[in-house]
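> sequence-free structure coming up:
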């Protein structure tokens, strides 16, 4: 073929946007056509969504206009929703059109995994996008307004958060900070508000350092959270949740953070998946398709013990950069790199001025960890948008 | 009787609070016991509620803590809800107690008059209190968040305001100002938002100067309001309103501002009422009870042509002051005053920087009228709370 290769990137999440940014930086003029497709005209910072969801920060601080991140002379941007991937035809079907590709990067993000728990899909809210967190924030405020009209309805003031992983823990930290403000604004007695964090696993933050988990639980318990750890949600109804031991918690708000799976379009496209995710090869390609790369929540990368790395922003970013390198190598016929995840550490926020984290082999907690969380956030803004973005979106 | 007379004031609205403030100023030490009863520990500025309802101002600016207005050494304050008035026993039953009185001032405020229109009471919102306007504000925001989840539901973005009297007109002026902000916040195309103002009477602002009404309609039409004047609402359902001509407007938000009646407790107490209001004598007393005064929306005062004055903040304030005078006259055996309403003029806001008004015989419109509206608001704050309150709550 004499025409230049066409690269299509689906999704402008961590993996997709990093691929695009790196490609636009490294590709020479007319070396490839790059098209980035995304449902919205903005990229959002998923690791920040727990704050606007609770209402402790403006959703604007969790998103960046894509056209501020990419150079339209080098990368085409198409705002559209992907409806179907046809890997054998090398085509992607959009809501309003079709794209052909030579190389595809799939970074469509994940979906809530409800593990078949009845009613969870229909009745629980998810922290998954700008739209969803604006909805959660408004929903929570609305419950306070409703309670003032129907003071018998204590369930309006009861909040159930399913899942004590990162998202769940970070969200309850913010929510606990937000409640006193809401109580003041709506003249509600704070002692009437109940926040339950329910986790089926035997510990909160499974896999995290036990000393730090204990610290986190103490901080959050002091903020008024009631933990029910080692307790499965058996059913979610519009009225609340039924939990192990046949206790029913009446709650007008249930937020489910208990699991992420891959994207339903991957199964529909005929890829072999595990919970909607594609187990990629060492170059981050889908098995049997050496022109299809998969990043972020749509992918599975195994660690040395043969278990999947948890899907995080950090791994997605590293994947995005690696994919850009390997795409360029394919085009130029140079050497591809084997992907190897390099864990820089993890910090979980517990609300204002509180966090826990591991950086290298150091355990951090309290204010030091909260500062580190900010550094991580800033570093990300710097990577994708340089100093100007840090200034615009960074929370100082 | 040798003990000092007991005055009980029910309601800390315009009439009640002015009575209390004037009594505490004029009464000598131990001349009377004054008790003010109110459902909330704050007085609210009803004429300001259209702003927090639309979300263009903080509800805090529409209320004042009662203990900032009364001197607790002179007036007792009871935060409670009145459930029953027993005029023959000279008793008032509260949610959590009983009060006996020698003199009673009834200023319990009005309730929405729905003129028997089916479904209006159940499905429409009212601009009547701090709780109700916080609810309306949250409800409106929630519709935008819901629309983003269900973009087929245009009814989430359709707002029906029933009634084009003062409250209706002032509310739509604010709502029209608020919509662009909400559209920006929630990424909604402003052209999808529809605001209908529906009025059964042949004109908006019935009784107001026709030239000014025309001006107001033009300002509001330019802001995107669709008027349906001379059009009755026939029914209100959870899905919207059925209007004359059998047109059904699908709308998730219906706000009813079309009428005010008196308080249901007055009928229950055996008073003779017209739409829940007591037609008072020239000293503002209930017929047959020369120890019961009635002010504000619970009262009817006739003008010289034998028609009731519209219930406004202005008349309620003047009544409150007159009642205080007459109560003191009763106690001292001095001359009572005949109440005569003195119309100082009227200004209706149409949103930011726009209003219409009549002051004396002068017609005002545009920015001048908007300034006058602020002057009126400030004047009221000054009357009840002096300069400190003007500084704290005035919108400069």
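Sure, I can see it. Just so it is clear, the model here is predicted, and its values are computed rather than measured.
> could you give the number of residues near residue A:305?
By other CB atoms under 10 Å in any protein chain shown, 5 other residues sit near residue A:305. Every C-beta, even on glycine, is put in place using the N, C-alpha and C of the backbone.
> how about the nearest residue to the residue of the stretch 151-300 of chain A found nearest chain B, chain neighbours excluded?
Proximity of the stretch 151-300 of chain A to chain B (CB to the nearest CB) peaks at residue A:186, 6.3 Å away. Counting by CB to CB, 6 or more residues apart in numbering or on different chains, residue A:186 lies nearest to residue A:144, which is 4.1 Å off, once chain neighbours are set aside.
> my read: the one you found touches residue A:187, true?
No: if you go by CB atoms under 8 Å, residue A:144 and residue A:187 don't touch, sitting 9.3 Å apart.
> neighbour count winner among those two?
Ranked by neighbour count (other CB under 10 Å), residue A:144 and residue A:187 place residue A:144 first, with 21 against 16.
> and the helices in the stretch 101-250 of chain A?
A:120-123, A:130-149, A:166-186, A:210-222 (DSSP state H, counting those that start in this stretch).
> residues in contact with stretch A:126-137?
A:40, A:42, A:44, A:46, A:49-50, A:52-55, A:59, A:62-63, A:109, A:111-112, A:125, A:167, A:171, A:255-257, B:145-146, B:148-149, B:185-187 (CB atoms under 8 Å, 6 or more residues apart in numbering or on different chains).
> same question, stretch A:269-284
By CB under 8 Å, 6+ apart, stretch A:269-284 touches A:84-87, A:106, A:110-111, A:113, A:261-264, A:266-267, A:286-287, A:293-295, A:297-302, A:308, A:311, A:319, A:322-323, A:326, A:336-339.
> pLDDT below threshold where in chain A?
Where chain A drops to pLDDT under 70, the residues are A:1-2, A:395-396.
> please parse it into its domains.
A:6-39+A:80-110+A:262-343, A:120-256 (automatic domain parsing).
> quick check: end-to-end length of the last one?
When you say that, I think you mean domain A:120-256. End-to-end span of domain A:120-256 (CA to CA, to the nearest Å): 8 Å.
> likewise for the first one?
Between the start and the finish of domain A:6-39+A:80-110+A:262-343 there is a gap of 32 Å, counting by CA to CA.
> again with stretch A:3-12
Start-to-end, stretch A:3-12 (CA to CA) is 26 Å.
> buried ones in that stretch, by neighbour count?
A:5, A:6, A:7, A:8, A:9, A:10, A:11, A:12 (16 or more other CB atoms under 10 Å in any protein chain shown).
> list the buried residues of the longest helix seen in chain A.
Secondary structure of chain A per DSSP state H: the longest helix is helix A:366-393. Of the residues in helix A:366-393, A:369-370, A:372-373, A:376-378, A:380-381, A:384-385, A:389-390, A:393 count as buried by neighbour count, 16+ other CB under 10 Å.
> around chain B, pick out the residues from the stretch 101-250 of chain A.
When proximity is defined by CB under 8 Å from any CB of the partner chain, the stretch 101-250 of chain A lies next to chain B at A:130-132, A:134-135, A:137-139, A:141-142, A:144-146, A:148-149, A:185-187.
> hang on, the earlier thing: out of the contacts of stretch A:126-137, which are buried?
Buried residues within those, counting neighbours by 16+ other CB under 10 Å: A:40, A:42, A:44, A:46, A:49-50, A:52-55, A:59, A:62-63, A:109, A:111-112, A:125, A:167, A:171, A:255-257, B:145-146, B:148, B:186-187.
> grab the nearest non-local neighbour of the residue positioned nearest the centre of chain A.
Nearest residue to the geometric centre of chain A (CA atoms, centre = their mean): residue A:46, 4.2 Å. Computed as CB to CB, 6+ apart, the closest residue to residue A:46 that is not its neighbour in sequence is residue A:313, at 6.2 Å.
> gap between the one you found and residue A:129?
Distance, residue A:313 to residue A:129, by CB to CB, to the nearest Å: 15 Å.
> the two: which is more packed in?
residue A:129 (20 against 17).
> residue B:181 versus the more buried one, what's the distance?
21 Å.
> try residue A:361
Distance, residue A:361 to residue B:181, using CB to CB: 49 Å.
> cool, and residue A:236?
In terms of CB to CB, residue A:236 sits 34 Å off from residue B:181.
> try residue A:320
35 Å.
> how about residue A:261?
For residue A:261, the distance to residue B:181 - CB to CB - is 37 Å.
> so where does residue A:8 fall, helix or strand?
For residue A:8, the host element (DSSP states H and E) is strand A:6-10.
> closest to chain B out of the buried residues of stretch A:3-12?
Closest to chain B, out of all of the buried residues of stretch A:3-12 and judged by CB to the nearest CB, is residue A:12, at 15.4 Å.
> quick one, what contacts the closest one?
Residue A:12 touches A:20, A:36, A:38, A:43, A:66, A:107, counting by CB under 8 Å, 6+ apart.
> the last one touches residue A:16, doesn't it?
I take that to be residue A:107. Yes: at 3.5 Å, residue A:107 counts as touching residue A:16 under the criterion of CB under 8 Å.
> okay, and the common contacts of these two?
Counting by CB under 8 Å, 6+ apart, the residues touching both residue A:107 and residue A:16 are A:9, A:10, A:295, A:296, A:320.
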